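In: coordinates only, sequence not included:
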């Protein structure tokens, strides 16, 4: 019985750093809200033939904001 108890701390120690990193990193839905709203508004209400091209600057602002928090979009 002492063997399983000895192996448990090493397992929880391996999980704890990942849990701390996840807890300190904000969720993607909670950051860059203004940039996301501007991007979405531009894409949804653009009168251009190619909204993606027309809204590229707002998309780039959103991507750079998300990258600042460690997210790849």
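Out: The structure has been received and is ready for your questions. Note that the coordinates shown come from a computational prediction; the quantities given were computed from them, not determined experimentally.

In: now name the helix or strand holding residue 63.
Out: Counting by DSSP states H and E, the element that carries residue 63 is helix 56-68.

In: got the buried residues for stretch 51-70?
Out: For stretch 51-70, the buried set under the neighbour-count rule, 16 or more other C-beta atoms under 10 Å, comprises 55, 58-59, 61-63, 65-66. Yep, even glycine has a C-beta here, placed from its N, CA and C like the rest.

In: tell me who's in contact with residue 54.
Out: Residues in contact with residue 54, defined by C-beta atoms under 8 Å, 6 or more residues apart in numbering, are 42, 46, 48.

In: skipping its backbone neighbours, what lies nearest the last one in space?
Out: Right, the one you point to is residue 48. Counting by C-beta to C-beta, 6 or more residues apart in numbering, residue 48 lies nearest to residue 54, which is 3.6 Å off, once chain neighbours are set aside.

In: and the gap between the one you found and residue 32?
Out: Computed as C-beta to C-beta, to the nearest Å, the residue 54 to residue 32 distance reads 20 Å.

In: so, low pLDDT: which residues of this protein?
Out: Judged against pLDDT under 70, the low-scoring parts of the chain cover residues 1-23.

In: which stretches of this structure form helices?
Out: In chain order, the chain shows helices spanning 2-24, 33-45, 51-54, 56-68, with DSSP state H as the criterion.

In: which strands or helices does the second one pack on?
Out: This means helix 33-45. Packing contacts for helix 33-45, counted by 3 or more C-beta pairs under 8 Å, 6 or more residues apart in numbering; DSSP states H and E, involve helix 51-54, helix 56-68.

In: which one of those lies nearest to residue 27?
Out: Between residue 27 and the helices and strands packed on helix 33-45, the shortest separation by C-beta to C-beta is 11.6 Å, and it involves helix 56-68.
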